[in-house]
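> The following block contains a protein sequence and its predicted model.
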Amino acid sequence: MKLFLMAVAALLPLCFGLQTGVPQVKMYTRHAPVEGEKNVLICYVSKFAPPNAEVELMEGERVLPEAEQSDLTFETDWSYFLVKHVAFTPRRGVQYGCKVRHSALDSGQRITTWDMDSY
């Protein structure tokens, strides 16, 4: 049944004319960042189709394996969105990233970055 629902979710956009949508990526924190204080790093990925995005949160070059991801959800235009987040303690000089892999991206992936100085 789950496989059937996933197939329906993947095919519905085709019925409504939406074949591909390039992911839009936004990174932000739950609270205003203060160096050394615990916070939550959030990556919001939206407007993509088909529903085959893979998302990783990174600290420098290191993938943060403890990051949690929301369920895949569709919007009224039949594009999809999801949220990935992780508890972290921001540090100056460290760049955090959200790596998104998706078939609609020209290079197959995009990395959006966030750091204390860009807030």
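Thanks, I have the structure now.
> So the residue nearest to residue 91 when sequence neighbours are not counted versus residue 104, what's the distance?
Among residues not flanking residue 91 along the chain, residue 35 sits closest, at 6.2 Å (C-beta to C-beta, 6 or more residues apart in numbering). C-betas here are computed from N, CA, C, even on glycine. Separation of residue 35 from residue 104 (C-beta to C-beta, to the nearest Å): 36 Å.
> of the two, who's got more company?
residue 104 (16 against 11; other C-beta atoms under 10 Å).
> Run a quick check on residue 87 versus residue 40, I expect a contact.
Yes - with contacts counted by C-beta atoms under 8 Å, residue 87 reaches residue 40, the gap being 5.7 Å.
> Buried residues, whichever strand or helix holds residue 26. List them.
Counting by DSSP states H and E, the element that carries residue 26 is strand 24-29. Neighbour-count burial for strand 24-29 flags 25, 27, 29 (criterion: 16 or more other C-beta atoms under 10 Å).
> same thing with stretch 100-109?
Across stretch 100-109, burial judged by 16+ other C-beta under 10 Å covers 100, 102, 104.
> Just the ones in helices from the residues you listed, please.
Using DSSP state H, no member of the buried residues of stretch 100-109 falls within helices.
> Any chance of a markdown table for the residues you listed, columns pLDDT and distance to residue 116?
Shown next, in a markdown table, are the buried residues of stretch 100-109 (pLDDT from 0 to 100; distance: C-beta to C-beta, whole Å):
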| residue | pLDDT | distance to residue 116 |
| --- | --- | --- |
| 100 | 98 | 22 |
| 102 | 97 | 28 |
| 104 | 94 | 31 |
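> Tell me where the model's unsure across this structure.
Applying pLDDT under 70 to the chain flags residues 1-19.
> swap the cut-off to 90 and go again
Scanning the chain with the threshold set as pLDDT under 90 gives 1-20, 117-119.
> With that, I have no additional questions.
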